[in-house]
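Chemist: Build me a model:
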Amino acid sequence: MKVKFKKLHPDIGINIPAPAYATAGAAGIDLAAAIREPLVLNPRARAMIPSGLAVDIPGRDLVGLVFPRSGLAAKHGVAMANAVGVIDSDYKGEIICPVQNNGTKPYEIKPGDRIAQLVFVPVLQVEIEFTEELTDSARGADGFGSTGR
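Modeler: A predicted model of the protein is given here:
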């Protein structure tokens, strides 16, 4: 499947890496920081990092999900402030990555640093029907922590 990207920053593919899969088995396309100057993200601070890209998702049966990069989160505490970003098929604006420093030290984001990953996932839109009863299940209405550790 082909997905079209629009370059919104003139340095995409030059000083800022173009969106790409890092390895043959990668599920996510790396997104880079399309910023002109380094940005220091202090502990507990958030910043909206532009990707310099817009995407043309070809139909409502596909969604783009923007995830944090696991290395940034594990090593530095830098992750997506909204956990996972949702790029709907009808959104045509720039992909912006709201990042947050959950670590204890300032973290510098440089122009072109890989900051997030974009994964495409199939979507099934459903018809909403209200009911008085739901089907029974072994779990029932038991909530948080009810299935064990």
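Chemist: Tell me which residues of the helix or strand of the chain with the lowest mean pLDDT come out buried.
Modeler: Least confident helix or strand of the chain, by mean pLDDT, DSSP states H and E, is helix 70-76 with a mean of 91. For helix 70-76, a neighbour-count test (16 or more other CB atoms under 10 Å) marks 72-73, 76 as buried. Quick note: C-beta positions are derived from backbone N, CA and C, even for glycine.
Chemist: any residues touching it, and which ones?
Modeler: 78-79, 101-103, 105, 107, 115 (CB atoms under 8 Å, 6 or more residues apart in numbering).
Chemist: buried subset of these?
Modeler: Neighbour counting by 16+ other CB under 10 Å classes 78-79, 101, 103, 107, 115 among the contacts of helix 70-76 as buried.
Chemist: how about the residue most central in space within the chain, what does it touch?
Modeler: Closest residue to the average C-alpha location of the chain: V66 at 1.4 Å, with CA atoms, centre = their mean. By CB under 8 Å, 6+ apart, the residues touching V66 are 31, 80, 84-87, 95, 97, 116-118.
Chemist: and if we set it to 10 Å?
Modeler: Taking CB atoms under 10 Å, 6 or more residues apart in numbering, we find V66 in contact with 28-29, 31, 51, 80, 82-87, 95-98, 115-119.
Chemist: which SSE is it in?
Modeler: Secondary-structure assignment from DSSP states H and E places V66 in strand 62-68.
Chemist: ok, which stretches of the protein are strands?
Modeler: Under the criterion DSSP state E, the chain carries strands at the ranges 4-7, 20-21, 29-32, 39-41, 46-56, 62-68, 78-80, 85-87, 94-101, 107-109, 114-122.
Chemist: one step back: and the buried ones among the contacts of helix 70-76, which is closest to A47?
Modeler: N101 (8.6 Å; CB to CB).
Chemist: Bridged to that closest one, which residues?
Modeler: Assessed by DSSP bridges, N101 has beta-bridge partners V78.
Chemist: would CSV of the contacts of helix 70-76 with pLDDT and distance to N15 be doable?
Modeler: Listed next are the contacts of helix 70-76 as CSV, based on pLDDT from 0 to 100; distance: CB to CB, whole Å:
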residue, pLDDT, distance to N15
V78, 95, 21
A79, 94, 25
N101, 97, 24
N102, 95, 28
G103, 94, 27
K105, 96, 26
Y107, 97, 20
I115, 96, 15
